Every structure is written in structure tokens, then in C-alpha cells.
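S.K.: Sequence and predicted structure are below.
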Number of protein chains: 2
Amino acid sequence: MAKPIHSMIRVLDEEKSIAFYGAAFGMMVKDRLDFENFTLVYLVGSDTTFELELTVNKGREEPYDLGDGYGHLAFAVDDLEAAHAACGAAGYAPRDIVEFKPDGNLLAKFFFIADPDGYQIEVLQAGGRYG
Amino acid sequence: MAKPIHSMIRVLDEEKSIAFYGAAFGMMVKDRLDFENFTLVYLVGSDTTFELELTVNKGREEPYDLGDGYGHLAFAVDDLEAAHAACGAAGYAPRDIVEFKPDGNLLAKFFFIADPDGYQIEVLQAGGRYG
């Protein structure tokens, strides 16, 4: 077996990231491992054991270069409008909800939101092939 | 609920990426959605519904800039040595297996391997907090 278990991103501010993923997606801190030069924080969402691993390099102040290769982490939610409203109410800036209908049929309904370091998050209405 | 359902990376060569994730981790193509300017490929591993979404932008030839923010996707495997050998036998170049013992106790045993676009993949021995 080869089971995908986590995705790792480097972040500047541990508290801001934990607050964002908690408020926006209900993610909880499952583990926090503190070492001399860096801290690892493992966040979990619902209905899966898949984790988001945050690496916080101590002393790092320069924003990370996000490049143009990595795309996003995606979440499925039961109520997209409620999730969108909750992100806004929490003080974040979700982009508009989009319906993707490449051939006239609805394939996906989603919005994007950036985390505190600028990583893109896709939030999809659960259903069809998503979620 | 907010369930993590996929991670998206942009890749240059669909066939090379599918071959890599298949040979190294047994991932299978669950869906392939072809549009005018891009193709989406959804890969699944074992024991989870979490997917790796590949975006192939048609006509793109310039390698993607991977930056220094995004870290890696991690897999847990039952037999790390066998997974390492399989990667090598398939013609890829896994880095050496490392034991991470920050306080003398084994926290993680893993190796890294780069995919065809250079994205880092961490392969961990299942057990403890991983997998």
C-alpha cells in the first residue's frame, strides 16, 4: 500500500495559520512537534485522516516564494454558501463562488481563498466527483 | 464538514507523471477530464479517497517554478525498504532512507523522491504518528 497521509507547506506565522485553517475549515491541531530550528504542526479536517503539515522555520521572516507549480489543497463542504459566508465573517477574503459548466452541465461549484501565506485553497460543494 | 479531498500540482508531461505515480506508489487514474486548454487527471492511492489532481496546461513547455514554500506530498507504506527498492527498480532516483531520531527515539523513517517535475514526495514507514 501507499497511502497519501499529508501535504506539507512552509508557513511564516504558526498562530495565523492555525487560526485560518480552524476558522475557515474547522481543522484542529492533532500534533505539534517542536525542534530547535523548526516546528511541525499537524492539522486534521473531518471525515479523513489526511493531514496538513505546517512547517514553521524559526527566524524565517521573508515570505516564501510560492512559484507557479503547486496549485492548491481542496476541501469539500456540505454547504458551499455557508462556508463562503463563514470565511467572510471570520475576516478572510474568499473569492466569488463559481459554477464550472464546461459543456453546459455543472461539473463543480467552488470558490478559492488564500491562506495567510498566500497558498490557494479550493472549497468545493460536495457532490458529483468531488467529495 | 470540510473534508480535504485533493492536492493539485501543475505538471508538464501527463504520461510521465502518471507513469511515475503508478510505478512508485501504485496510484491509478480515477478520472481524466479534457478541456480545450488544459487536462485534469485525478490519481488515487490506497486506503483513502484523497486524490492527487494533475493539471496539464496544453502548450506549456517551460518548467514550472516550484518556489520554496510548498513542501511535499507524503505517503505511508508498509515496507519502506521494499518501496525504496521498487522506486529504484522503476528507474527513479530515491534519496537514501533516513531515520529521524530527534531525542534518541525513532520518530520517523523515510526517504524523499522527486517526481518528473521536481515536486518532492516523502515516503514514510507506516507506524507511530504516520499512517
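M.R.: Arrived safely, thanks for sending.
S.K.: The top helix by length along chain A near chain B at all?
M.R.: Longest helix in chain A, counting residues (DSSP state H): helix A:14-25. Yes: using C-beta under 8 Å from any C-beta of the partner chain, helix A:14-25 reaches chain B at A:A24, A:F25. Backbone N, C-alpha and C define where each C-beta goes, glycine included.
S.K.: how about the strands of chain A, start to end?
M.R.: Assigned by DSSP state E, chain A shows strands spanning A:2-10, A:28-34, A:38-44, A:51-57, A:70-77, A:98-100, A:108-114, A:120-125.
S.K.: thinking again about what came up before, residues making contact with the longest helix of chain A?
M.R.: The contact list for helix A:14-25 (C-beta atoms under 8 Å, 6 or more residues apart in numbering or on different chains) reads A:11, A:27-29, A:39, A:41, A:43, A:45, A:52, A:54, A:56, A:75, A:83, A:86-87, A:90, A:92, A:113, A:115-117, A:121, A:123, B:2.
S.K.: distance of the nearest residue to A:T55 once chain neighbours are set aside from A:T49?
M.R.: Once flanking residues are discounted, A:T55 sits nearest to A:R10: 4.8 Å by C-beta to C-beta, 6 or more residues apart in numbering or on different chains. Applying C-beta to C-beta, to the nearest Å, the value for A:R10 to A:T49 is 22 Å.
S.K.: got the contact list for the closest residue to A:I97 other than its chain neighbours?
M.R.: Sequence neighbours aside, A:F111 is the residue nearest to A:I97 in space, at 4.8 Å (criterion: C-beta to C-beta, 6+ apart). Going by C-beta under 8 Å, 6+ apart, A:F111 touches A:L80, A:H84, A:P94, A:R95, A:D96, A:I97, A:V98, A:E122, A:V123.
S.K.: Against chain B, how distant is the nearest residue in space to A:R95 that is not next to it in sequence?
M.R.: Of all residues not flanking A:R95 in the chain, A:F112 sits nearest, at 4.8 Å (C-beta to C-beta, 6+ apart). Taking C-beta to the nearest C-beta, to the nearest Å as the measure, A:F112 falls 11 Å from chain B.
S.K.: Is A:F112 bridged to anything, and to what?
M.R.: Per DSSP bridges, the residues bridged to A:F112 are A:E122.
S.K.: Mind pulling the model confidence for it?
M.R.: Looking at A:F112, its pLDDT reads 98.
S.K.: does chain B sit close to stretch A:32-47?
M.R.: Yes: interface with chain B: stretch A:32-47 contributes A:L33, A:F35, A:Y42, A:G45, A:S46, A:D47 (C-beta under 8 Å from any C-beta).
S.K.: got a winner among those residues for most neighbours?
M.R.: The residue in these with the most neighbours, by other C-beta atoms under 10 Å in any protein chain shown, is A:G45 (23 neighbours).
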